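1. Sharing a model prediction with you, sequence too.
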Amino acid sequence: MFTNIAGVLLLLACFFVTFVAARFLRKLWRTHKIRQAELAARAGESRQVRRARERREAK
């Protein structure tokens, strides 16, 4: 298999970078999907519901 230490270290470094990038992108994607769901839910609310929510958020 790998007999070269530099090759093993390069493989581990690539794995680590890929792992960190995947976690970061997954977090961004999840945040985006949650925000889109909130916007979709708010799009259908009435003026009365919107004003009540805004009053609650202002406190």
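-> Cool, the structure landed.

2. ok, which stretches of the chain are helices?
-> Under the criterion DSSP state H, the chain carries helices at the ranges 5-43, 47-58.

3. Could you export those helices as JSON lines, including mean pLDDT?
-> Conversion of the helices of the chain to JSON lines gives the following (pLDDT from 0 to 100):
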{"stretch": "helix 5-43", "mean pLDDT": "95"}
{"stretch": "helix 47-58", "mean pLDDT": "92"}
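
4. now those in JSON lines, with mean neighbour count?
-> (C-beta placed from N, C-alpha, C; glycine too.) As requested, the helices of the chain are exported to JSON lines (neighbours: other C-beta atoms under 10 Å):
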{"stretch": "helix 5-43", "mean neighbour count": "10"}
{"stretch": "helix 47-58", "mean neighbour count": "9"}
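
5. Alpha carbons of stretch 47-59, in PDB - could you do that?
-> Once non-C-alpha atoms are left out, stretch 47-59 reads as follows in PDB (Å, rounded to 0.1, in the frame of the first residue of the first chain):
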ATOM      1  CA  ARG A  47     -51.700  41.000   8.100                       C
ATOM      2  CA  GLN A  48     -53.100  40.400  11.600                       C
ATOM      3  CA  VAL A  49     -50.800  37.400  12.100                       C
ATOM      4  CA  ARG A  50     -47.800  39.300  10.800                       C
ATOM      5  CA  ARG A  51     -48.400  42.200  13.100                       C
ATOM      6  CA  ALA A  52     -48.800  40.000  16.100                       C
ATOM      7  CA  ARG A  53     -45.600  38.200  15.300                       C
ATOM      8  CA  GLU A  54     -43.800  41.500  14.800                       C
ATOM      9  CA  ARG A  55     -45.000  42.700  18.200                       C
ATOM     10  CA  ARG A  56     -43.800  39.500  19.900                       C
ATOM     11  CA  GLU A  57     -40.400  39.800  18.200                       C
ATOM     12  CA  ALA A  58     -40.100  43.500  19.200                       C
ATOM     13  CA  LYS A  59     -40.200  42.600  22.900                       C
END
